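**Q** next comes the sequence, and after it the predicted model I'd like to discuss.
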Amino acid sequence: MRFQLSEDASNKNSVLSAIFLVAGTCIGGGMLALPVSTGVSGFFPALSMMFLSWFCMTFTALLLLEISLWMEEGVHFITMASRLLGKYGKALSWFLYMFVCYASLVAYTAGGGEQIGDLIEWLFHIPTSKYLGATIFIILFGGALYLGNTFVGRVNSILFIGLLVSYVIFVLGGFREIEFINLTHKKWNVAVFSIPLMLASFSFQTMVPSLVPYLKKNINPLRYSVIGGSTLTLIVYVVWQVVMLGIVPVDGPNGLAEALNKGETITRFFSQHSTGFAVNEVAQSFAFFALITSFLGIGFGLFDFLSDGLKIPRKGTGNVILGILILIPTLFFALFFERIFIIALDASGGYGDSLLNGILPISMVWIGRYYLNYKGEYRVFGGKSLLLGVLLFYIFSLLLTLSVHLNIIQPAGYVTDPLDVKELSLNEASKNL
């Protein structure tokens with residue numbers, strides 16, 4: 001009886017850790033760009049796009065869970081794509097997954113290095129270069145990835161609690177200053193242009209195959225983790241939007257339209273309209289936790305992805321090799337070629353999320369269910385009609401992004417690329433307060 005109780009408690013802790021991993025991967029720099037990119041359309045139009053994007057991203061994450069449960073333990077995205085989509089699907093998956101993950105890790109390492117450098121300078125009054133700061137960041141938090149999934153889950157849980165605490169303090173301090181008239185602004189004709197950003201804000205699918213061995217292929221805990229993590233993210237975003245769009249007006253000096261035209265984060269403009277609490281200190285804390293939890297979530301999935309794709313076992317020497325393959329290139333580009341990756345990432349965001357996290361999972365499930373007759377203990381709700389409906393949504397997002405980049409359609413002054421958010425350093429944003 002004692003053993004059973006202990007095991008149940010352990011399972012609950014693992015599910016909670018997995019929920020935090022999912023939410024921590026989603027919640028990051030995008031929060032500082034979200035109100036700016038959606039504010040012009042207004043709170044309620046943005047909210048409708050947010051719910052639609054949340055549903056579709058959660059749905060495709062569950063599809064990846066279904067696919068993962070068809071496979072033997074340890075199989076990741078590459079093997080899935082190879083078995084279900086053939087060599088061309090495998091090649092496309094390799095490119096998209098590697099590019100998006102490495103570019104994200106580089107951006108987070110660069111930003112985290114700045115944060116650590118500032119912290120050292122504040123504590124010890126020792127000027128610290130970005131090179132040393134980024135190196136310390138990669139050793140501390142890249143080392144956590146090397147120590148295994150369970151350790152990453154525990155570290156991420158602690159950091160995510162810190163993120164939530166700083167977020168709650170930040171939000172509670174702003175609630176009393178909300179002007180509800182600001183939330184009535186509506187401009188539905190530009191609301192759809194926030195969809196690519198919304199997809200990036202709910203992007204965590206790359207780590208779903210890694211949750212399967214972490215939760216020992218237990219179906220209900222896996223479902224709770226995916227749905228719970230994405231729903232927690234949705235709640236955090238909705239409250240964040242209420243506070244930010246309720247305090248910062250759309251028009252006028254230091255309004256959302258001006259922030260959008262300048263391509264700046266919400267925090268600088270928020271500070272012009274909010275008084276009475278320590279925005280700077282809380283923003284610094286939130287920025288630090290958001291960077292690390294996003295780094296761990298992306299790295300968590302990439303570790304298992306490379307293990308599967310390169311057939312390197314996650315133990316002993318294999319762990320060392322995987323760590324070198326992830327951490328050394330990440331640190332190198334963060335130190336010397338940060339802008340190259342950020343510019344490339346900026347151009348690939350809408351495509352990466354629409355293809356990698358949307359169209360590919362739907363295609364794999366369609367072929368697996370209806371052509372190869374894969375059977376498993378878990379099947380996502382809905383049949384062909386729902387799959388086609390969600391597929392059309394992702395195709396629309398892909399074509400929308402393509403049309404914007406080709407200047408076929410472009411609302412005046414409207415920032416539409418979802419991964420402009422990666423270019424907005426959280427550290428720099430909090431410094432501007």
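**A** Yep, that arrived. Numbers count the residues shown, from 1 in each chain.
**Q** need the mean per-residue confidence for the helix or strand hosting A290.
**A** Using DSSP states H and E, A290 sits within helix 279-309. Averaging pLDDT along helix 279-309 yields 78.
**Q** give me the distance from the helix or strand where K87 lies to the chain's centre.
**A** Assigned by DSSP H and E, K87 belongs to helix 77-124. The chain centroid and the centroid of helix 77-124 are separated by 11 Å under CA atoms, centre = their mean, to the nearest Å.
**Q** which neighbouring elements make contact with the helix or strand following that helix?
**A** Following helix 77-124 in sequence order, the next helix or strand is helix 130-146 (DSSP H and E). Applying 3 or more CB pairs under 8 Å, 6 or more residues apart in numbering; DSSP states H and E, we find helix 130-146 packed against helix 77-124, helix 149-175, helix 279-309, helix 317-336. The way it works is simple: take the backbone N, C-alpha and C, and place the C-beta from them, glycine included.
**Q** quick one: the helix holding A290 to helix 77-124, angle?
**A** 150 degrees (axes from the mean of the first three to the mean of the last three CA atoms, to 10 degrees).
**Q** buried stuff in stretch 60-75?
**A** By 16 or more other CB atoms under 10 Å, the buried positions in stretch 60-75 come out as 60-71, 75.
**Q** quick revisit: between the helices and strands packed on helix 130-146, which one is closest to S48.
**A** When the helices and strands packed on helix 130-146 are compared by CB to CB, helix 149-175 sits nearest S48, at 21.8 Å.
**Q** packing partners of that closest one?
**A** Helix 149-175 makes packing contacts with helix 2-26, helix 130-146, helix 208-214, helix 219-247, helix 279-309 when contacts are defined by 3+ CB pairs under 8 Å, 6+ apart.
**Q** angle of the helix or strand that L64 is a member of against helix 219-247?
**A** Here L64, judged by DSSP H and E, is contained in helix 43-70. Helix 43-70 and helix 219-247 are oriented at 160 degrees to each other (the same axes, to 10 degrees).
**Q** ok now helix 43-70, how far from the chain's centre?
**A** 13 Å.
**Q** how about low-confidence regions in the stretch 51-200 of the chain?
**A** 148-149 (pLDDT under 70).
**Q** roughly how far apart are P361 and L172?
**A** Using CB to CB, to the nearest Å, P361 is found at 37 Å from L172.
**Q** higher neighbour count, those two?
**A** A count of neighbours by other CB atoms under 10 Å puts P361 above the other of P361 and L172, at 30 against 11.
**Q** contact partners for that one?
**A** Listed by CB atoms under 8 Å, 6 or more residues apart in numbering, the contact partners of P361 are T60, A61, L63, L64, I67, Q205.
**Q** hmm, try it at 6 Å
**A** Residues near P361 by CB atoms under 6 Å, 6 or more residues apart in numbering: T60, L63, L64.
**Q** one step back: for the helix holding K87, name the packing helices and strands.
**A** For helix 77-124, the packing partners by 3 or more CB pairs under 6 Å, 6 or more residues apart in numbering; DSSP states H and E come out as helix 130-146, helix 279-309, helix 317-336, helix 338-354, helix 360-370, helix 426-431.
**Q** point out the most buried one among those.
**A** Mean neighbour count (mean count of other CB atoms under 10 Å) peaks for helix 279-309 among those, with a mean of 24.
**Q** just want the angle from it to helix 317-336.
**A** Going by the same axes, to 10 degrees, helix 279-309 makes 140 degrees with helix 317-336.
**Q** show me what helix 279-309 is packed against.
**A** With contacts taken as 3+ CB pairs under 6 Å, 6+ apart, helix 279-309 sits against helix 2-26, helix 77-124, helix 130-146, helix 149-175, helix 208-214, helix 317-336, helix 426-431.
**Q** okay if I get those as a markdown table plus distance to L387?
**A** A markdown table is the format used below for the helices and strands packed on helix 279-309 (distance: least, CB to CB, whole Å):
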| stretch | distance to L387 |
| --- | --- |
| helix 2-26 | 22 |
| helix 77-124 | 14 |
| helix 130-146 | 34 |
| helix 149-175 | 30 |
| helix 208-214 | 17 |
| helix 317-336 | 33 |
| helix 426-431 | 36 |
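**Q** tell me which of those helices sits nearest to N189.
**A** When the helices and strands packed on helix 279-309 are compared by CB to CB, helix 2-26 sits nearest N189, at 27.6 Å.
**Q** tell me the mean pLDDT over the closest one?
**A** For helix 2-26, mean pLDDT rounds to 66.
**Q** likewise for stretch 35-48?
**A** Mean pLDDT, stretch 35-48: 82.
**Q** which parts of that stretch are buried?
**A** Buried positions in stretch 35-48, judged by neighbour count with 16+ other CB under 10 Å: P35, V36, S37, T38, G39, V40, S41, G42, F43, P45, A46, L47.
**Q** span of that stretch from start to end?
**A** Counting by CA to CA, to the nearest Å, you get 14 Å between the two ends of stretch 35-48.
**Q** among the helices and strands packed on helix 149-175, which is nearest F337?
**A** F337 sits nearest to helix 130-146 of all those, at 12.3 Å, using CB to CB.
**Q** quick one on the thing from earlier: out of the helices and strands packed on helix 130-146, which comes closest to F381?
**A** Nearest to F381, of all the helices and strands packed on helix 130-146, is helix 77-124, at 20.2 Å by CB to CB.
**Q** between helix 360-370 and the closest one, find me the angle.
**A** On the basis of the same axes, to 10 degrees, helix 77-124 is oriented at 150 degrees to helix 360-370.
**Q** quick check: angle from helix 77-124 to helix 130-146?
**A** Put simply, helix 77-124 runs at 130 degrees to helix 130-146, going by the same axes, to 10 degrees.
**Q** run through who's touching stretch 159-173.
**A** With contacts defined as CB under 6 Å, 6+ apart, stretch 159-173 is touched by F20, G24, V239, V243, F277, V282, S285, F286, F289, A290, I292, T293.
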